[in-house]
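[1] dropping the sequence and predicted coords here.
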Amino acid sequence: MFKNSRVKKSPLKSKPLRNPGESLEKRLADILLDDVLFFWMVAMVAVALAVTEWSRWYFDTAPNPILVSVIASVVVAIAAWKIIRGLRAAKTVKLGIAGEKAVGQFLERLRVQGAQVFHDVEGESFNLDHVVIHRSGIYVIETKTMSKPEKGKPELEFDGIQIKYRGKPIKGDPVTQVNAASYWLGELLSESTGRKLPVRGVVVYPGWYINSPDTRRTKVWVLNPKALPTFIESQPSQFEPEDVHLYAYHLSRFIRTL
């Protein structure tokens with residue numbers, strides 16, 4: 001009875017690699033659907049119930065508008081709070097997406113020199129914004145997109161251990177975060193290739209000036225993304241071109257199995 005029904009196969013042999021900010025775009029969609037649209041619909045239903053009850057009262061059909069209005073007011077208040085919070089979160093995520101895409105465009109220039117560039121590499125419960133495999137080494141890049149201050153110079157300080165803004169450490173400890181990400185990637189590639197591979201962590205802040213005594217000597221680089229290609233290119237070569245392709249192959253194989 002189902003002679004003509006066949007399972008259609010995708011023409012793609014493997015999953016495509018991810019784009020810059022892809023995880024954040026998914027998160028943005030989830031926020032807008034779960035925290036904004038859902039509660040907007042709940043609020044509208046509550047208002048509709050209240051309007052219905054008041055209409056019945058106006059036309060003398062024995063309504064109970066006070067109780068329904070109280071319920072509707074509570075529901076609308078909760079929905080409004082959730083919607084406002086969701087819109088604020090969405091604004092932050094949109095800023096992050098723009099930052100990751102901008103940094104990704106800077107990094108794409110390194111392909112001309114034979115580098116392999118990956119975006120939005122997913123781990124178990126985290127993601128690496130960008131990974132660059134270059135003849136000078138392997139780099140994990142964490143993008144932090146912060147709004148600029150209304151007044152004063154957008155400047156951050158890095159002492160080799162902490163990133164500070166106006167003398168206070170930045171929330172979230174991005175240096176520790178990128179160190180952990182670098183270690184994870186190093187272990188992943190070492191297990192896959194059988195070679196112990198050093199991975200450098202980089203934190204970039206689009207649009208910010210970074211005041212650091214000597215970033216090149218620190219374990220983690222903290223930079224404006226415009227400076228990153230120059231920093232990478234200026235490092236001494238560690239790998240042959242075939243090594244770059246080998247490590248990129250192993251990483252891409254991991255990404256496509258997720």
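    Okay, I see it.

[2] from here on, just use CA atoms for contacts and neighbour counts.
    Fine.

[3] show me what counts as buried in stretch 225-238.
    Neighbour counts over stretch 225-238 (16 or more other CA atoms under 10 Å) mark Pro225, Lys226, Leu228, Ile232 as buried.

[4] wouldn't the last one be in contact with Arg135 here?
    No: using CA atoms under 8 Å, Ile232 is not in contact with Arg135, being 9.1 Å away.

[5] sorry, back to before: make TSV from the buried residues of stretch 225-238 and add distance to Leu32, secondary structure and pLDDT to it.
    Compiled in TSV, those are given as follows (distance: CA to CA, whole Å; DSSP: H, G, I helix; E, B strand; the rest coil; pLDDT from 0 to 100):
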residue	distance to Leu32	secondary structure	pLDDT
Pro225	29	helix	89
Lys226	32	helix	88
Leu228	33	helix	89
Ile232	38	helix	90
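
[6] quick one, strands of this protein?
    116-122, 127-134, 137-143, 155-158, 163-165, 168-169, 199-204, 209-211, 221-223 (DSSP state E).

[7] so what strands line up beside the fifth one?
    When you say that, I think you mean strand 163-165. Strand 163-165 has the following strand partners under DSSP bridges: strand 155-158 (antiparallel), strand 168-169 (antiparallel).

[8] likewise for the second one?
    Here strand 127-134 is paired, per DSSP bridges, with strand 116-122 (antiparallel), strand 137-143 (antiparallel).

[9] mind checking how far the first one is from the chain centre?
    With CA atoms, centre = their mean, to the nearest Å as the basis, the distance from the averaged C-alpha position of strand 116-122 to the chain average is 12 Å.

[10] now could you export just the CA positions of the helix or strand of the chain with the lowest mean pLDDT as PDB?
    One helix or strand of the chain scores below all others by mean pLDDT, DSSP states H and E: helix 22-31, with a mean of 75. Written as PDB, here are the backbone C-alpha positions of helix 22-31 (Å, rounded to 0.1, in the frame of the first residue of the first chain):
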ATOM      1  CA  GLU A  22      25.100  30.600  15.800                       C
ATOM      2  CA  SER A  23      24.600  29.500  19.500                       C
ATOM      3  CA  LEU A  24      23.700  33.000  20.500                       C
ATOM      4  CA  GLU A  25      21.200  33.300  17.600                       C
ATOM      5  CA  LYS A  26      19.500  30.100  18.900                       C
ATOM      6  CA  ARG A  27      19.400  31.500  22.400                       C
ATOM      7  CA  LEU A  28      17.900  34.800  21.100                       C
ATOM      8  CA  ALA A  29      15.100  32.900  19.400                       C
ATOM      9  CA  ASP A  30      14.500  30.900  22.600                       C
ATOM     10  CA  ILE A  31      14.300  34.200  24.600                       C
END
